[in-house]
Each structure stands twice: as structure tokens, then as C-alpha cells.
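**Student:** Predicted model and sequence below, questions to follow.
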There are 2 protein chains.
Amino acid sequence: MGSLKLEELGARARAACTALGKLGHNEKSAALLGCAGKLRGMEDGILEANRKDLVDAQAKGMKESLIDRLTLNHARLEAMAQGLTDVAAMDEPVGEYVSMKTRPNGLVIGEKRVPIGVVGMIYESRPNVTADCFALCFKSGNAVILKGGSDALRSNKAIVDALRLGLREAGVNEDCLQLIEDTNRETATAFMKLNQYLDVLIPRGGAGLIRSVVENATVPTIETGTGNCHVYVDASADLHMALEIITNAKTQRIGVCNACESLVIHRSVLGAFLPLLAKRMEEYHVEVRADDEARALVPSWKAATEEDYGTEYLDWIVSLRTVGSCDEAIGHINRYNTKHSETIVTNDYANAQRFLDEIDAAAVYVNASTRFTDGFEFGFGAEIGISTQKLHARGPMGLKALTTTKFVVYGNGQVRG
Amino acid sequence: MGSLKLEELGARARAACTALGKLGHNEKSAALLGCAGKLRGMEDGILEANRKDLVDAQAKGMKESLIDRLTLNHARLEAMAQGLTDVAAMDEPVGEYVSMKTRPNGLVIGEKRVPIGVVGMIYESRPNVTADCFALCFKSGNAVILKGGSDALRSNKAIVDALRLGLREAGVNEDCLQLIEDTNRETATAFMKLNQYLDVLIPRGGAGLIRSVVENATVPTIETGTGNCHVYVDASADLHMALEIITNAKTQRIGVCNACESLVIHRSVLGAFLPLLAKRMEEYHVEVRADDEARALVPSWKAATEEDYGTEYLDWIVSLRTVGSCDEAIGHINRYNTKHSETIVTNDYANAQRFLDEIDAAAVYVNASTRFTDGFEFGFGAEIGISTQKLHARGPMGLKALTTTKFVVYGNGQVRG
């Protein structure tokens, strides 16, 4: 039954997608602005639905960082609506010719940016993802089928109802936005194998969800963002800058994939830096799990295990490791990281360049917080996710990541010799 | 045992890959030229190995089109060596900044082209694929693990031995090129799940191989090229041009993915065109399987079944369907094609544009043979395959398709507000 329903959603999305491909920039922008208006106009209903989701989540004992991700309020809903407006104002991603050239035999070969088709999204309890993903998919000419988490079902339904109403009133086939309301695992698995109707599947959520998609999906997938992100404090670091960057990366928003989960500190600054760090982490109630060398200076810190270095806490905890060189820091990070975002704090030119070259991650920083790995911060507008794989898109994915290309070839009778 | 050996190959490729990333353009070019020299210098041994493969293949009754794909000779080996030389001369794909910009907060964000890492290839009996894939992977800074078909094992070993010798003599770690010699199915399946060591898996071969990879792989995959390619002869077509394009697309090389497998003919030209077509197909011994409307004019043709329209013959057979409009042709092609290469022969401007816009395929042509969908013909040099999926790369994949990007961010203490 679940799977029959999926086929139906898939067929509707595929059909809507063909019509969507023929809409021009202005029609799509008008529809997005209409959808933003509906989010604003239907705020009471959406927040009410979200309150019900939150009551259930609290009753189930959901942890603070996840409650934060689930929570909507006026400001977040306004940001969501503004996101639609911003996407509407962006340049049209479809129809651009990436290249166009005449070959020696006279064939004129163009590489044209076109929509992917039907995008599937599986995500967990962040209802703002619902509006962001719709806006980017719609703007890039794709239909989208969403499967949100059961914890956010009421919120997502309320948001999707508002958006579909906006589409309908703009004269657009609202089937280009579909929400799977069935939250069982069997439906999720069937969705991952819906090759006939899905051109790509993008999971957004915790490590368990990502792993399940990688193992089960037969639809081409873009693996996104678990983030075991590091800040490395090099021997020549400005220690006050390092302290501010660590504080921001760790505490500015605790439950997100670009938050810092692990610190790597050069041995030569341990004595000067750890007292400052210990005081700051205590102020923010961040538990530090460190190696013996660091604990010799701050005995109140817990001992870090091997598992700690591989953990994305999404919580008020950070691991810490002492190293003797930039190379050792790079080795440690490349071993434990999830290829998301990594920072070096340094004033050494050669170490900065080596860190940028040798760290294997979607985004590598010198002297800045890992928290900037984000579609808005990178100037792409809302993002559909942060890719931690190497195919198709890497790092924050905006409109371009939702397109593909097609070779368009003009001939006058050429045959191959 | 097979899987232990795989792990070892994987670990060696991964290790070689790190060193490879530090080689400059000139060192890589010199190594490729050395490898080309070894292919030429070791021709006798390679052709002897190939002859043994061919004897076995003929004894097993392999069909003509596959024998053609397996066969090496002086000219094909020379083309292979020339391919390495051509790739050596191409621009360096690694290190290019796709974009670089300063954000309002002063962060300088660059998007830099970098190697993917370790590429896995599974392919069938074309030994030239061995050298082509190595050259493109090496040039783009990737290690590669090859798994060729059992029919070509001796040929592939001889080619890989020559190439590894060329690498060694150039002072490069030859472990950046690995051949899996174990040809059993279990090893193939383990290879598809070697996520720890493989960053991408590219299958090249028949529909069965591609399906097996799509269903079993957990490594990110680029689906390549089964080609059920069509030539549509529109009402306004120059019929002599149509005849030459069909002849070329169908018969110039029978066993390749961009060969034409199906003809779609506008009703209004049936009377004028079919006698020409029947005569030409008879000359080339091509069997035509047609619908009733066409068979009313050429009764010697067999009746096409539903299955025929979905079949990539790779043989001296072509299916034929009559339509009443360009829209009907587009509908037929989008229903049965494998998203590879499609051609319209027409002199009607609006139909040409509609065909280019609405056909869903990697390459869409007006008035040219489908046989041009090829890395050399598109100006990319040798190709690693022809992608028929929409993620990462679509159509012929050259050097760029073997790279990914990494965001490199220069800050001076920025934290997120």
C-alpha cells in the first residue's frame, strides 16, 4: 500500500515536472513570491502545527539540540519566507550554455544547463528544510518529493499545504511539490529504490539516516553532511583569535553539521592556551574530552577515547588532541573527519597553504569559523544540503547543484568517418 | 580471500594517490609519454596476449560485434598509445579555480578543482578501455583500480604491465594503476562495496553489467552508456541526408553504445523514403523490424514487437516505427530511449528546436549521426565513458569529469554572527 502510494506520488511529480520545464523565469518568480506570501499569511496555522509536534517531541524526551532544530517561531518562519523571496530574485539557473563551440567538422556543440527532473529528499526534524528545498528545486525546474521525519510531520504538512496553495493560486501544477505522509521505515526504503520516478535522492540528517540511504538506495544519491569538524590551533596562532573561532564554531549553534566537534592543539601553545580555553569552555558549559597531555594541565577534563575523536556530538561536548606539528594535525584530521569543514588558526604562511592543500574536506579554512559552510554564507542563497561526497557537488549545494547539462548538437548532415 | 586481496589493492591505490596529488603537470606528462612508449615497445607481447584471448573467445562462440570490441591490432594499439600522448598534451585539469570571490565579511572563498581520489572501473571486453582510463585518471591526479572482463584478462594484464613499467621508469609509484585479476562474481560484488578505498565507481559495458552495479554498489556510481539511440526522419527531412545519417549511425561500427538501434519515420515521407532505406539496409545486410504501416510498403521486413523498441541490439538489426508528428516521435523516443544520443533529420526550424528541448538524453542532434557522441569527437581527448545519468557528468566524460572541487577559504578571524 505504502509503495502503491509512492508510485502515484512519483507519477504525479514526473508529470508536473514536464510542465514545470516550460515555465519561464518570471512565472517561476511570481509563484515563489506567492508561496512566500502564503507562509506569512498562514503563520498561525503553521506555528500551531509546530507546537503540537514540539509537545510530542518533549514528551518523548527529545534532546535539546534536536528540539532547537524542530522549533519554528515568527522569526524562523519569516526567514523561511524571505528565503523564497531571495531564491525568486536569483538568476535563472536553467538554459545557460556552459560552453558552445564549433568542431573542425562543422558540428556546433553546446552544453546546456537543464533541470535534473524529479528530486527526492529524505530529512529529519528541521521543518525549514521543507520550504528551502522546495524553493531551490522549483527555481531550478525540478519537481520534488519530500520525506520529512515523523517528529515534524504536522509542521511539514502545514508548510507544504501553504506552498501548494501558493502554487495553485499562481496557476502552477502543485504536484511538483509532494510530501510523503507515511512515516514507516518500509516506505522510506521503497522511496530509496524508486528509480523509475526519481532522478536523484538527497538525504539530510544524522549519520544513521545517511548510512541507511548509502546502503539501501539504488537511486543516484548525494551524500550530505554529517560534520565531525575540527579547529586546529597551530604553533603560530593568534590565541585570542583561536579562542573566538573555537567559541563560535562550537557554541553559536550546537546542533548543526558545521559546528566544531574536535580541537587539535599544537604542543607549543598548550601552556599558554589551555587555561584560556578551559575558562571559556566552562563559561559555555562545554565538556572537554582531552588526551593525557592536555589533561596534565587541566585535570578536570575527562579522558578522550578513540571513539570520541570519531564522534559528531551535536551537543555541549568537544574532544581535544595534542599534536607536535602541522603534519601530525593534518594526519589526525584526515583520519577522523567526515570531509565536511576544517579550520587552521595560524600565522604561518606555509602551514596555512599546506593545510588548504592537504586536508580532504568540502571546505577548508584559514583563520575563520567552520560555521560559515552554508549556502547563504557562501552566497548561493538557501541551500539544499551540504555535500560531503565528491561527485556532482561538494560543500553547500545551491541552484547549480540541482541542474544537469545536456549536449545540444547542430549539424548539417555530418557522418563519422 | 578475494576480498582480502581487494583491500590490499585498495590500500595501495589510496597510498599512491596521496603521492600522485603532489606531481606537477610536467612530471605527469613525462610519465604518460613513457607509458605510450612502452605500449609501442611491447606491442608484440600485447598482441600475442590478445590473440590468446581471441582464440578462447572464438572457441566460446562470442558474437561478431563483441569479437570486434576485443580485437587489438597494430593500428588500434597505435591509437591507444597516441591517446596517452594526446592526454599528456592536454591542459592540466587540477588546481584550476572555478571561482574565487570576496564575501561582504571579507572571507575570500575559492572553488578549486582537485582529484576525486581513487576511481574504480568495471568494464567488459574492450582492452583499449584499459589504457584510456588509466591515462585520464592519471592526468587528473587519481589512482585507478580496473576490473576488466575475463575474456580480455590476458590483453589487459599485458597492457597494465607495460603501463606500470612506464610509470616505474618515470619514477612514479605504479600502484596508482591496479588491475584486479580475479574474475569471479563475488570479487566484483565486493569491489562495488569497497567504500573505504573507492571514491567513485564507473561501470562500462552492457545493460546487465550496468544493472548489476546500480543494484549492488554502495560506492557512488556514474552509470554509463547503454545506448538505445534513435534517428527520427521528420516530414521535411532531406531524404538523402537521412539515408546517409542512418547508414553511418547504424553500420559504421556496430557494437558501440552510440550506434543507432531504432528508426522513427514520419508518415508523410514513408512512400518516398522506405524504398531507398530498404535497398540500403539490404546492401548492408541490416535486418529491419518494422510496424505494420511500414511493412505494408516493404513486406519483406519482420514485424517489430514491443520488446524490439526497447532493445539495444549491438548487431545488424534495427527497429522502425512510423509516427504522425514530431511530438509523437518525441513521445516515442522519450519512452524507449536510454537517455544516450538521439537525432532528428529535419529542415523545419521549430521541430529542430523542439526536439533539442524536449528529448531527454545526454546528447541531442539535428542533422548529424549519433556516432559523434564520443570524447575524441567532442574534443575532450580519450573518454572514461559516456554517462547516461544526470549527476556529476552527462555524456562523454573527459578529464573534468574525473575531478571534484573543494572550497578553500581565507579568513582573518571571522566568526559567524
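**Tutor:** That came through fine.
**Student:** looking at this, A:T405 is in a helix?
**Tutor:** No - A:T405 is assigned strand when assessed by DSSP: H, G, I helix; E, B strand; the rest coil, not a helix.
**Student:** Let me know whether it touches A:I116 as I believe.
**Tutor:** No - if you go by C-beta atoms under 8 Å, A:T405 and A:I116 don't touch, sitting 10.3 Å apart. (Each C-beta comes from the backbone N, C-alpha and C, glycine too.)
**Student:** out of those two, which sits in the more crowded spot?
**Tutor:** Neighbours were counted for A:T405 and for A:I116 using other C-beta atoms under 10 Å in any protein chain shown; A:I116 has more, 24 against 19.
**Student:** Ramachandran coordinates for that one?
**Tutor:** phi -70, psi -40 (degrees, to the nearest 10).
**Student:** same question, A:L356
**Tutor:** Residue torsions, per degrees, to the nearest 10, at A:L356 are phi -60, psi -40.
**Student:** And the pLDDT for it?
**Tutor:** We have a pLDDT of 96 for A:L356.
**Student:** neighbours around it, how many?
**Tutor:** Neighbours of A:L356 using other C-beta under 10 Å come to 19.
**Student:** Contact partners for it?
**Tutor:** Going by C-beta atoms under 8 Å, 6 or more residues apart in numbering or on different chains, A:L356 touches A:364, A:366, B:408.
**Student:** got a winner among these for most neighbours?
**Tutor:** Neighbour-wise, the contacts of A:L356 (other C-beta under 10 Å) top out at A:V364, 24 neighbours.
**Student:** Just to be sure, that one is in a strand?
**Tutor:** Yes - using three-state DSSP, the assignment for A:V364 is a strand.
**Student:** so it bridges to which residues?
**Tutor:** On the basis of DSSP bridges, A:V364 is bridged to A:E342, B:V408.
**Student:** That one reaches B:F407, doesn't it?
**Tutor:** Yes - using C-beta under 8 Å, A:V364 is in contact with B:F407, at 7.2 Å.
**Student:** Can you name the residues in contact with the helix or strand bottoming out on mean pLDDT in chain A?
**Tutor:** Ranked by mean pLDDT, DSSP states H and E, the helix or strand of chain A with the weakest confidence is helix A:2-20, at a mean of 83. Residues outside helix A:2-20 that contact it (C-beta under 8 Å, 6+ apart) are A:115, A:117-118, A:138, A:141-145, A:172-176, A:178, A:180, A:182, A:184, A:186-187, A:190-191, A:194, A:196-198.
**Student:** Can you say which of those are buried?
**Tutor:** Among these, the ones that count as buried by 16 or more other C-beta atoms under 10 Å in any protein chain shown are A:115, A:117-118, A:138, A:141-145, A:172-176, A:178, A:180, A:182, A:187, A:190-191, A:194, A:197-198.
**Student:** Show me the subset of these that also lies near chain B.
**Tutor:** A:G117 (C-beta under 8 Å from any C-beta of the partner chain).
**Student:** For stretch A:116-132, C-alpha coordinates in CSV please.
**Tutor:** The C-alpha coordinates for stretch A:116-132 follow below in CSV (Å, rounded to 0.1, in the frame of the first residue of the first chain):
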residue,chain,number,x,y,z
ILE,A,116,17.6,17.2,-13.2
GLY,A,117,13.9,16.1,-13.3
VAL,A,118,12.5,14.8,-10.0
VAL,A,119,14.4,15.2,-6.8
GLY,A,120,13.8,13.1,-3.7
MET,A,121,14.6,14.4,-0.3
ILE,A,122,14.7,12.4,2.9
TYR,A,123,15.4,14.5,6.0
GLU,A,124,14.9,14.7,9.7
SER,A,125,13.3,17.1,12.1
ARG,A,126,14.1,20.5,10.6
PRO,A,127,10.9,21.9,9.1
ASN,A,128,12.6,24.9,7.5
VAL,A,129,14.3,22.3,5.1
THR,A,130,10.8,21.8,3.6
ALA,A,131,10.5,25.4,2.3
ASP,A,132,14.2,25.8,1.4
